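Peer 1: I'd like to go over a predicted model; first the sequence, then the structure.
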Amino acid sequence: MMLRPSWLGDVRAMISVRQSALCSIGMYSPAQMKCWRQAVDETELRTFIDQEDGTSICAVEEGQSIVGYACLRFGTSAHLLGLYAAAAWQRRGVGTALLLAAHAICADRNVSRVHVAASMNAAPFYAGHGYVEGNLIQWRPQGTEEGPEIPTLRMTYSFR
Ligand SMILES: CC(C)(COP(=O)(O)OP(=O)(O)OC[C@H]1O[C@@H](n2cnc3c(N)ncnc32)[C@H](O)[C@@H]1OP(=O)(O)O)[C@@H](O)C(=O)NCCC(=O)NCCS
C-alpha cells in the first residue's frame, strides 16, 4: 500500500471506498446511516483536491485500487473532514497511515491543532492516536436538514 495525493479522477473510487467503509458501521440507525451516506458527493470531494484550503490523500494498494482516503481543510486549525478505509482493508493500518500523513501535512503548514467530529465507532481509533475528547456534537449533514442528527465527538490533536 502507498499514499499519494488524490486526483480529480479518483473521486468515483473515493465515493465507493466511503460507501464500503460506512457499511462496516453498526452503531447508528439505518436512517442516520442513510443521512451520512448522502452527505458527500463527487462535487464536494473535488473541492478538496488541488484547493488552497483543502487537501486529500489516497491510500492505494498494489493493484492501484484506492482502499482509503483522508480529506483535510485548513483554517487557523486543520479539520479532518473525512477518513475512510474500505471495509475489507480495515484494521490493516490504512487509517493510521492516512492519519499520520495528514498530520505531516499539517506540521508542514505549521498548523498546531487538528479537529475532527469523530463518529462514535471511530473515537477509540482517534484516542489511540493522541486525540483528546471534547464535547458531544449532534451532526446534521448539510442538505439533510430533515434527517436525524448523528451524535459525534469533537476530538482534537495538538502538536505542542
Ligand atoms: C476509523 C477507520 C478510518 C480506521 O481505519 P483502519 O485502517 O481500520 O485503522 P487501523 O488499522 O490503522 O487501526 C489502528 C488501531 O486503531 C484502533 N482501531 C481502529 N479501528 C477501531 C475500532 N473500530 N474500534 C476500536 N479501535 C479501533 C485499534 O487500536 C487499531 O489497532 P489494532 O487493529 O492493532 O487493534 C476505519 O475503521 C473506517 O473507515 N471506519 C468507517 C468510517 C469512519 O468511521 N470514519 C471516521 C469518520 S470520523
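Peer 2: Received, thanks. Numbers count the residues shown, from 1 in each chain.
Peer 1: any idea which element the closest residue to the ligand within the chain lies in?
Peer 2: Minimum separation of the chain from the ligand (Cβ to the nearest ligand atom) falls at residue 95, amounting to 2.1 Å. C-beta here means a position set from N, CA and C on the backbone, and glycine is covered the same way. Here residue 95, judged by DSSP states H and E, is contained in helix 94-108.
Peer 1: what packs against whichever helix or strand comes after that helix?
Peer 2: Where DSSP H and E defines the elements, the next helix or strand beyond helix 94-108 is strand 113-119. The elements that strand 113-119 packs onto, with contact taken as 3 or more Cβ pairs under 8 Å, 6 or more residues apart in numbering; DSSP states H and E, are strand 78-85, helix 94-108, helix 123-128, strand 150-158.
Peer 1: make it 6 Å
Peer 2: Helices and strands touching strand 113-119, by 3 or more Cβ pairs under 6 Å, 6 or more residues apart in numbering; DSSP states H and E, are strand 78-85, strand 150-158.
Peer 1: and the ones you listed: which comes nearest residue 31?
Peer 2: strand 150-158 (9.7 Å; Cβ to Cβ).
Peer 1: how about the residues of this protein by the ligand?
Peer 2: 21, 24-25, 83-85, 90-96, 116, 118-119, 121-122, 124-125, 128 (Cβ under 6 Å from any ligand atom).
Peer 1: among the residues you listed, which ones are buried?
Peer 2: 21, 83-85, 90, 92, 94-95, 116, 118-119, 122, 125 (16 or more other Cβ atoms under 10 Å).
Peer 1: of those residues, closest to residue 60?
Peer 2: When these are compared against residue 60 (criterion: Cβ to Cβ), the nearest one is residue 94, at 10.2 Å.
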